[in-house]
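Trainee: Dropping the sequence and predicted coords here.
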Amino acid sequence: MSDISKSQEYMSFRSTIPQRKVVVDDDNTKEWTLYEAGPKTVKSPLVCFPPASGTADVYFRQILGLSALGYRVIAVEYPMYWTMKEFVEGFRKLMDHLGLDKVHIFGASLGGFLAQKFAEYTSRSPRVGSLVLCNSFYDTSIFQQTSSAPTFWMMPAVVLKKMVMGSFHKTETESHIADSIDFMVERLDSMSQQALASRLTLNCMNCYVEPQKLRDVDVTLMDVFDECALSLNVREEMCKCYPEAKRAHLKSGGNFPYLSRSMEVNVFLQIHLRKYDIGSLRARELTEEEMAMLADSDAGKSLQENYEKERGKEVRPKDRM
């Protein structure tokens, strides 16, 4: 068992936040798994989409931290959808089932790609208020697996897991990043062959985002400066797709900063969401203590700049790595 799984924080999460199973399709085997906390009166909550290797509980630090500040946060785990049309229609049905008018989506890797596709799908009748895309992409061709994707359904689980774990870098890394990798490996091991195959099919099938359909969506791009699965070129292409997007840089964090750098990630999310009425007034303002805690980090410098801009103050440009 990983150190995170054994931590008091995670055990407290599992003992206080119930896991829910929801079916919205005719096929009863297609279950959404949800963890939710915060005021249910909020009809436009933050919804968290996990990466291909993740389950809904990988966002337990966002659920605990942000709900304590008054935000409504819902982390979801996808059913076995094999096509993008199935996914976007399934998530729309889930929103209707939960009585959600619009959502703000925090998506990592595949989760970020699916978030963009859902925003694109509902662009004529918007259901997405904003996006925070963490270590994500807009074109599946970057994985060079589009020709193999149709065969994933029949590949052994061990082969599929090896494909995913090839992107988990753990050599000479910081302890908190190593802990996040161990936790994600546990989540990966808990998945069935079919669940993982369906995720990888969505991740690698021939598909791309049409960013012009998302031009009215508020976007924050979150990335790390250290090693992660996506190349610098892919991250630069994301910036070109969303030239007006706010940037949220973390000096380190690896593939899973929402676990390894949860404090910075949560403050970035507060910065992004503070203009929207999705929680209490307390949740929409950063305290001086929070800003002071981050003042010496690159993440903190970027946060302060964005925060001051949001408040209409003039800020000098900061040097970046």
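Mentor: Looks like it arrived, so ask away. Numbering: from 1, shown residues only.

Trainee: Looking at per-residue confidence, what score does the residue positioned nearest the centre of the chain get?
Mentor: Nearest residue to the geometric centre of the chain (CA atoms, centre = their mean): G107, 2.4 Å. According to the prediction, G107 has pLDDT 98.

Trainee: For the strand or helix carrying it, name the packing helices and strands.
Mentor: Assigned by DSSP states H and E, G107 belongs to strand 103-108. Using 3 or more CB pairs under 8 Å, 6 or more residues apart in numbering; DSSP states H and E, the elements in contact with strand 103-108 are strand 46-49, helix 110-121, strand 128-134, helix 262-273. Where C-beta positions appear, they are placed from N, C-alpha and C, glycine not excepted.

Trainee: Just the pLDDT at E289, thanks.
Mentor: E289 is given a pLDDT of 56.

Trainee: try the one 4 residues further on
Mentor: Per-residue confidence (pLDDT) for M293: 50.

Trainee: and D218, what are its bridge partners?
Mentor: S130 (DSSP bridges).

Trainee: I'd assumed G129 was in contact with it.
Mentor: Yes: assessed by CB atoms under 8 Å, D218 is found in contact with G129 at 7.2 Å.

Trainee: quick revisit: most packed of the helices and strands packed on strand 103-108?
Mentor: strand 46-49 (a mean of 28; mean count of other CB atoms under 10 Å).

Trainee: Dump the C-alpha coordinates for that strand into PDB.
Mentor: What follows is strand 46-49, C-alpha atoms only, in PDB (Å, rounded to 0.1, in the frame of the first residue of the first chain):
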ATOM      1  CA  LEU A  46     -16.200  22.200 -10.200                       C
ATOM      2  CA  VAL A  47     -16.100  18.700 -11.800                       C
ATOM      3  CA  CYS A  48     -12.700  16.800 -11.900                       C
ATOM      4  CA  PHE A  49     -11.900  14.500 -14.800                       C
END
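
Trainee: Which SSE is immediately downstream of that strand?
Mentor: helix 60-67.

Trainee: helices or strands up against that next one?
Mentor: helix 8-16, strand 31-37, strand 46-49, strand 73-77, helix 257-260, helix 262-273.

Trainee: for those, which one sits closest to R247?
Mentor: helix 262-273 (10.0 Å; CB to CB).

Trainee: Tell me, how many residues neighbour Q194?
Mentor: 14 (other CB atoms under 10 Å).

Trainee: can you check T122 too?
Mentor: Neighbours of T122 under the rule other CB under 10 Å: 17.

Trainee: Okay, now the unreliable bits of the chain?
Mentor: Flagging of the chain using pLDDT under 70 yields the residue ranges 169-172, 277-321.

Trainee: Thank you kindly, that will do.
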